[in-house]
Each structure stands twice: as C-alpha cells, then as structure tokens.
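Enquirer: Structure of the sequence below:
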Amino acid sequence: KIKLRDECSQLNLNSHIQLVCCNWLAQIMQARRASKIDYSTTLISLIILGLFWLKVLAETPPRPKRCGQFCSLEYTEGYVGPLDTTKNLQDALNHLSYKGEIVVAHHAQLDFVYQMVHRWQRFGYGHVLMVFPDRALCHRIEGAFPKLGCGWYEDHNNMAWIVNQGGGCKGCTDKWLIHYTGARAVRMGYNVLVADADTMPLYDFYGVIHSPPYSNITLFNQREGNFNVNGGMYYIQNAARDGPVAYALYDHILKNVRWFEDVTALRRGIGLRGGDSSTGINDGFLCNDQFSLSDSVHGGITGKPQVFECVFWFHPRRSDWEKLHLAMYSKTGPEGAEGFGPYSTVTVSVPEQLRRGAGGASQGQMVTARLRIPHARGEWPSERGGYPFSLQLGPLATHVVEIFREAGGGAAPFPDPWDTASAAAADAVQPENFAYFPPWIANTHSFGPENSGNDGWYNDHLTGEVPAAISHLHAGLTSGDFTKIVHFAVEVPYGWDFDVALRVAPQTAPYLGTEVHGRVPPLLAMAPGVVHGGLTQGDFAAMMQGLMRLALVLNRVVVWPWVPCEAPFLRKAGATYDPVVSGHKIPWSDYIDTTAAIPNGPETISLKDGLRCLVASVDKLSCLRGGTRPGAPSSAPRGLLPHEFDHWLDTARKANTQRVDFDPTPANTVQDILQRLGGSTAAPVPHPAESHPPLELNLFDLTLLGTDPSIVSHTMSVIWLRGPVVVPQLPSPEHERLYDKIKNMCCVLHDKPSRECIDRPPGAQMVPS
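Expert: Numbering: from 1, shown residues only. Okay, here's the model as predicted:
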C-alpha cells in the first residue's frame, strides 16, 4: 500500500468515510502502477469511487478546521534573524505573531526542531518562533519551510549566563533561551505559549483557552509531580506588563543570572562555606529551569520569595529543608484537595470535543490559585536560606534589568521583593489567576488514564474523539534509547514525518541507524507473515537471534520486524481480554503490556484488520548502530526499525517501479537461493501454516550464500527470509565475538530482556566491534 495518511489528513476531510475513500484511491493508483490491475479495472474502480465520493460530499457539511480562528500559517510572514535587542524581538513578533499570540519553542537536536515546525505548521499554526544560541540551526532548516520563525542570540557576552553555561545544569542552553525570550514577549504585551519540541497541537487550543472559564486564568502551566510546574509547557494570556505573571517570569530569569555571576550568598545561606561546591552548587550555577519556575510561581502564590526547589537537591540537610518549606507552604491560604498550599479546586465545563480527556464527562476539575508579586518584607530567615544574592548586581544581571525595563515600554518597573521600601508597591499590584492545565487542554501524552497516548486514544480516526488540545510527549513512555522519536513515529499518528527529514537533509537517510552514513545499506528482512501472532517470547527471541547471526554472515543490516500485538508474549499480565477471540480495541493497556510494546494504529478506520506492535526492547543503540562486520565503526548501520523500513520501501517503490527485490520472490529469498545452489532446505510448511519450521544453516550453506553474486554484489537491496533460520556456527571467531557483544547489549535478542539491559544507557553500549 502507498502510505498517504499525511496527504489524506491534510485534505480537511469531513468524515471517516472520506478518509476511507482517499485511502482507496491511493491503493487503486498504487495497484495500477505496479501493474496488478489493468486499465479497464482501474477506470471502473475510479468511476465507482468518484460517484461514492460525490454522494458523501453532498451529505456531509463542511467541518471547521481544528485550528479554529487561529489558523495563522497563511497570514504570518516568517522571520529568521537575531533576537538580542528589544527591536530585534519586536521585528520577529511583528512578522510572526498572530492576534497577539506567539509560540516560543526550542530543541538542541535538528530532527526535533524540524519535526516540531512541521507538526505545528501542518496543523495550521504559523506563529511559532524557534530559538537557538546561534544562527547555525536556523540556517540548516531555513529552506525547508516557506514561513519559518527562527531566531538566535548574537551577543554572547550579555548571554554568557546561557551560552557559556558551565555549572552543570542539564539542558540549560536551549531551555533557558525560551524562558528568557518568552518572558520578554510577555513584558512586551503578547500572549505566549512556551513549548518544548516534543509537543503537538490536536485541537483548537485558542478557541478553548480564550473562552470562560479558562479565559479568566492568566498563567496556565502543566503540572509536574505534586505541585511543581513543568518548564516545557506553559501559557500566558492577558497578563499586565507590570503584573504578577510578568514578574514571576522576570524573577525566574533574574535570580539565575545573579547566581551565575556570584553564587557565594546562596551557598552560605544553606550552611556551606562561600567557596564550597561539594553539594553541586558550582560556580556559574543555574537552577534547573523547572525548579526555578516552580519557585517563582510558588513565590507568587504564597506571597514570599522562594528558593526551595532550586536548593533542594543541593542542601546538606535536605529533609529538614523540605519539612520547613512544606510546612510554610501548606499554611498559606486555604488548603487544596491534596492538602498542599493555597489552591482552589473548581468544577468547570469541558468542551464537548475534548471530553475524552475528562473520561467522557461534561465537567471536570481545575486547580487554581491567585498570584501576587511576592515580598520578603525585610524578613530573610537564615533557616530558609537568608538573603540568597550578592548585594550588588553584576553586569549580566544589570543587562537583564535594562532589557526588561525597555521591553515594558511605559509599564511600571517591578518592585524589588527584597527591598523593604517597595512592599506597598508590591501590595498595590492587582493579583492574577494561575491554574494547572486540565488534561483535556494540555496533557502529558502517556499519562491519563482517560486520554493516554499509550492506550491508543491519539488514534482519533479510530475513536472519533480528540484526547486533548495539545499533547506533551515528555513522560510515561516505554524505556529505550530513542523513545521519544520512536513513540512519535510509531504510536502518534502524524507525529514524525520522514519526508520532512529528506527535505531538510536530502542526502541523509533519516533513520536512527543510518542517519550518520546518509544512505540505506543492503538489508536482510523477514517476509510478511513469518512473524505471526502465535509467537512466544522464546520463539521470537530465537527468530531474532537467527536473523542477526545471518546478517553478520552476509554483512547486511537487519530489518527488525513488526509483531502482531496479539502475540502471547506481549499480553498484559493478568489480562482476561483476548484479542484473538474478540479483536483489538482501545484502550490497548487493557490487554497489551504497553511497557514492552508500542502499538501502531492502522491507517484504516477499523481494528478488524489487526494491530501491529514494535517490541520496545529493540529500541537500543546496539540494535541499530555498530555495524554488521568485525571492525566496523560504532556509527555504522546495524538495524532498521519496522516503520523506518516501511517508509524506505515505499519511497524505493515509488522511485523505481521495475525493481523486483522489494517483495519476496524466489530470486531474493535465502531459502530459495539455497535450494537453487544445492544447500539445506527447510521442512515443509504445516497446514494450516501458522509457523514456519526453522531452517538450520551449516557452514557449507553460509559459504554458498557468501559466494552468491546476487548477495555478495549487493545488487539486491533486500534479501528476504520466508521462514526463521538457525545459525549454530558463524564463519570465524571474530564473528562469534561480535555477535556475543551485540547480544549482550541488544535486548531484543534476549529470551527474557532484563531490566538491566533495557535501562543500559547508550554510553555503556559503545563497545568497539
């Protein structure tokens, strides 16, 4: 089948029936190109399809676009340039913002950057500004998108606190850039959505967020843990330029710049010597961005400046520090439903289109609080860290103060919460409202339980329900070395587009195992149907071991196969639902172990045709890179994931319709080649054929295969296995040693993958071939 899900999805189809028609058309044209049907059959099929399509169009009214009144892509102009000065940022906002809205985003990896731009633009949102420390990434993707929003910072002296970050803050460069840029835009009077690159819009976010009761909230933030906030998904609307929300974002920046320049007072405040970095408060310190934002928000809620979260992991008496701050926090204002802090839990209406996120209910709960500009009122208790800054602003902090003063235009300067004389000014500022995002507006993709992506709820073409307005794919995923990319590509419909990757880098194969080398090498793949739904864990592991061992003999890259999701070893422990008897359904976690497998929703509108899974234990660096011959470099291709192979195969078929090795034939299957050369043959396939008997390959068979021109010369892009193989002995001790190293690290080759193998980081797998 030709894969046209993206193309069909962009037609703004009115119903699932229209999607079926679109896919039907794709299949007709593909069959014709492959000469599987003649011209008359093609013509009759197209006439029937056309009549049916006209009937559907006549019966279905136009459906509004999911981006609602904020389909901005056709109206924005794009901007690629610096962001250092207020004028720079204003120029960017003049070209990119739409109805006062801007999305500020980032990522240090090129693939995440262009995939996010593609997802948001495809949805209809063009008011997205990607932010980087220099111009390199912007220029790499500039030609791939017609209306790109991409900015960078050229003045690395004033931005040294970010770009020269050496204090051990993980991921600080790209994250702090969006906090800084977003805070400046709020101070300039814009509504700002700050988003990580692992996000995607699914429904009319602005139409919901601008309607009561949500429009009464000035700062929304995704919840992180108990009452912390997430640093990669928050939204500000209608904030006063000198109000509590604008101040919280300013405080979030300024305190860290001051610590970057001089962290002595912070160390002393928790009982360390001024030069003692033994607990991790190093020179050039920046707080974790999420903890810092949490402290700024909590300061506005409690009315007292906070450094609790920033210091928590570095305090020599952590438990005492936590008890003291939680006691203070819980006593400030009315307690919320969970006994923490000054929150109110309110019942709100849930938009009909988003009720999946509320478990189908028409009402749900939203946790809110009031934000004020905090003030210490001259009290700096030593047990709570005392005064945590040096008395004088350094040059970087002075620059931040000036840039925010300038961005505010005629707005009042922010009161200094540590200056006793400014308490009255802080009290006079009107409060603003804060809320955690309800899960139907912005959710953690793989949490729920009502709208978890791991359960299949993001396949809205199957359910007819939208799980959330925006999804953030940042937690709750299967374990793996490339888990976000794999989930986006396998489990999230339209989440990862390989064709966009080819637009950005046309000379590079966009797959995890091949991206360094720029092309797909010769492959060894299982023919369709060999991996079947009756496999046990042991059967599957033995099949993968034979595949890998033969790949080392032939020096071909392995195609890791899809597995039918009804396979017994993918069944959830204790599940009573049997998909073999009753068919597949959503939620998948009712019966599939979604920690061990990632289901891939079908492109049709029904699960009756089956459900295929990617086995999560294959998501390891050692399964994909390291080569298939002794002495290969660590970056050499070793494996292709099944969805990557699907894309490559489809692209190759479109480019060359005359090639015969894109499908299993007697000319390109190992079993047939061996039979032709006089080698070993497999036992007959039983009837009914559920499993193929394995073919044991001896050294003579391996020699025959190793000298066959069609295999050795790599004229066949794909060599197929139409049944499992067993390779008891490899040609050399070097091959055996290489296989042993691969098996130790590539968990899919294990009879029962261990937690130790699954959790082994990439750095621990870099064993030379």
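Enquirer: where in the stretch 251-400 of the chain is pLDDT low?
Expert: 330-341 (pLDDT under 70).
Enquirer: And the stretch 651-769 of the chain, by the same measure?
Expert: Counting by pLDDT under 70, the stretch 651-769 of the chain has low-confidence residues at 658, 685-690, 766-769.
Enquirer: ranges for the helices of it?
Expert: 670-677, 699-707, 709-712, 733-745, 755-759 (DSSP state H, counting those that start in this stretch).
Enquirer: Quick one: list the elements packing against the first one.
Expert: What it means is helix 670-677. Judged by 3 or more C-beta pairs under 8 Å, 6 or more residues apart in numbering; DSSP states H and E, helix 670-677 is in contact with strand 695-696, helix 699-707, strand 718-721. Placement of C-beta: from N, CA and C, glycine included.
Enquirer: Could you do the fourth one as well?
Expert: Contact partners of helix 733-745 among helices and strands, from 3+ C-beta pairs under 8 Å, 6+ apart: helix 537-554, helix 621-624.
Enquirer: what's the most buried one of those helices?
Expert: helix 621-624 (a mean of 26; mean count of other C-beta atoms under 10 Å).
Enquirer: Please give the centre-to-centre distance between the following helix or strand past it and its chain.
Expert: Counting by DSSP states H and E, the element after helix 621-624 in chain order, helix or strand, is strand 639-640. Its chain's C-alpha centre lies 20 Å from the corresponding centre of strand 639-640 when counted by C-alpha atoms, centre = their mean, to the nearest Å.
Enquirer: got it, and stretch 40-54?
Expert: Here the centre of stretch 40-54 is set off from its chain's centre by 40 Å, with C-alpha atoms, centre = their mean.
Enquirer: which residues touch the most far-flung residue of the chain relative to its centre?
Expert: Farthest-out residue of the chain from its mean C-alpha position, per C-alpha atoms, centre = their mean: G678, at 49.9 Å. Residues counted as contacts of G678 (C-beta atoms under 8 Å, 6 or more residues apart in numbering) are L704.
Enquirer: Could you do V117 as well?
Expert: V128, M130, I141, F145, L148.
Enquirer: cool, and S606?
Expert: Counted by C-beta under 8 Å, 6+ apart, S606 has contacts L462.
Enquirer: where does it land in three-state SS?
Expert: Classification of S606 by DSSP: H, G, I helix; E, B strand; the rest coil places it in coil.
Enquirer: ok, it to Y577 distance?
Expert: According to C-beta to C-beta, to the nearest Å, S606 stands 18 Å off from Y577.
Enquirer: How confident was the prediction at the residue sitting nearest the centre point of the chain?
Expert: Per C-alpha atoms, centre = their mean, the C-alpha nearest to the average position across the chain is that of D198, at 3.6 Å. Looking at D198, its pLDDT reads 95.
Enquirer: So it is in contact with A475, correct?
Expert: No: contact criterion C-beta atoms under 8 Å: D198 and A475 do not qualify, at 9.9 Å.
Enquirer: any idea how far the nearest residue to L354 once chain neighbours are set aside is from A575?
Expert: Nearest residue to L354 in three dimensions, chain neighbours excluded: W440, at 4.1 Å (C-beta to C-beta, 6 or more residues apart in numbering). Distance of W440 to A575, given as C-beta to C-beta: 27 Å.
Enquirer: May I have the residues that are in contact with L512?
Expert: L512 touches F482, I485, L624, R625, L641, E644, counting by C-beta under 8 Å, 6+ apart.
Enquirer: switch to 6 Å and redo it
Expert: F482, L624 (C-beta atoms under 6 Å, 6 or more residues apart in numbering).
Enquirer: Which helix or which strand is home to it?
Expert: Per DSSP H and E, there is no helix or strand for L512.
Enquirer: For Y114, see how far away it is.
Expert: 16 Å.
Enquirer: can you check G126 too?
Expert: 15 Å.
Enquirer: swap in L749?
Expert: Using C-beta to C-beta, which is the criterion applied here, L749 is 33 Å from Y114.
Enquirer: would you turn the helices and strands packed on helix 670-677 into CSV with mean neighbour count and distance to S582?
Expert: Below are the helices and strands packed on helix 670-677 laid out as CSV (neighbours: other C-beta atoms under 10 Å; distance: least, C-beta to C-beta, whole Å):
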stretch, mean neighbour count, distance to S582
strand 695-696, 18, 35
helix 699-707, 16, 43
strand 718-721, 24, 32
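Enquirer: Report the buried residues of stretch 624-631.
Expert: By neighbour count on 16 or more other C-beta atoms under 10 Å, the buried set for stretch 624-631 is L624, R625, G626, G627, T628, R629, P630.
Enquirer: could I get those as JSON lines with distance to R549 and pLDDT?
Expert: JSON lines is the format used below for the buried residues of stretch 624-631 (distance: C-beta to C-beta, whole Å; pLDDT from 0 to 100):
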{"residue": "L624", "distance to R549": "17", "pLDDT": "96"}
{"residue": "R625", "distance to R549": "18", "pLDDT": "94"}
{"residue": "G626", "distance to R549": "15", "pLDDT": "93"}
{"residue": "G627", "distance to R549": "15", "pLDDT": "93"}
{"residue": "T628", "distance to R549": "10", "pLDDT": "93"}
{"residue": "R629", "distance to R549": "13", "pLDDT": "93"}
{"residue": "P630", "distance to R549": "13", "pLDDT": "93"}
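Enquirer: hmm, back to that, nearest to P82, of the contacts of V117?
Expert: M130 (13.4 Å; C-beta to C-beta).
Enquirer: Just confirm that closest one is within a strand.
Expert: Yes: membership of M130 in a strand is supported by three-state DSSP.
Enquirer: Quick check: which of the helices of the stretch 651-769 of the chain is nearest to N88?
Expert: N88 sits nearest to helix 755-759 of all the helices of the stretch 651-769 of the chain, at 43.9 Å, using C-beta to C-beta.
Enquirer: which residues sit in contact with T181?
Expert: V104, V131.
Enquirer: would you put the C-alpha positions of the one helix or strand it maps to in CSV?
Expert: In the assignment (DSSP H and E), T181 maps to helix 172-187. The C-alpha trace of helix 172-187 is given here as CSV (Å, rounded to 0.1, in the frame of the first residue of the first chain):
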residue,chain,number,x,y,z
CYS,A,172,20.3,24.7,30.2
THR,A,173,21.3,26.3,27.0
ASP,A,174,18.2,25.7,24.9
LYS,A,175,15.7,25.7,27.8
TRP,A,176,16.8,29.0,29.3
LEU,A,177,16.6,30.6,25.8
ILE,A,178,12.9,30.0,25.5
HIS,A,179,12.2,31.2,29.1
TYR,A,180,14.2,34.4,28.5
THR,A,181,12.6,35.0,25.1
GLY,A,182,9.1,34.2,26.3
ALA,A,183,9.4,36.4,29.4
ARG,A,184,10.5,39.3,27.3
ALA,A,185,7.5,38.8,24.9
VAL,A,186,5.1,38.8,27.9
ARG,A,187,6.7,42.0,29.2
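Enquirer: Can you report how many residues lie near the nearest residue to F123 once chain neighbours are set aside?
Expert: Counting by C-beta to C-beta, 6+ apart, F123 lies nearest to P201, which is 4.6 Å off, once chain neighbours are set aside. Residues contacting P201 under the criterion other C-beta atoms under 10 Å number 24.
Enquirer: Same question for the one 3 residues further on.
Expert: Other residues near D204 come to 25 when the count uses other C-beta under 10 Å.
Enquirer: Go through stretch 571-580 and flag the buried ones.
Expert: R571, K572, P579.
Enquirer: and of those residues, the nearest to W259?
Expert: Nearest to W259 among the buried residues of stretch 571-580, with distances taken as C-beta to C-beta, is K572, at 46.9 Å.
Enquirer: can you pull the contacts of that closest one?
Expert: Contacts of K572 (C-beta under 6 Å, 6+ apart): Y591, I592, D593.
Enquirer: mind checking how far the residue farthest from the centre of the chain is from D198?
Expert: G678 sits 54 Å away from D198, going by C-beta to C-beta.
Enquirer: list the helices and strands the longest helix anywhere in the chain packs on?
Expert: Determined from DSSP state H, the single longest helix within the chain is helix 39-59. Packing contacts for helix 39-59, counted by 3 or more C-beta pairs under 6 Å, 6 or more residues apart in numbering; DSSP states H and E, involve helix 16-33.
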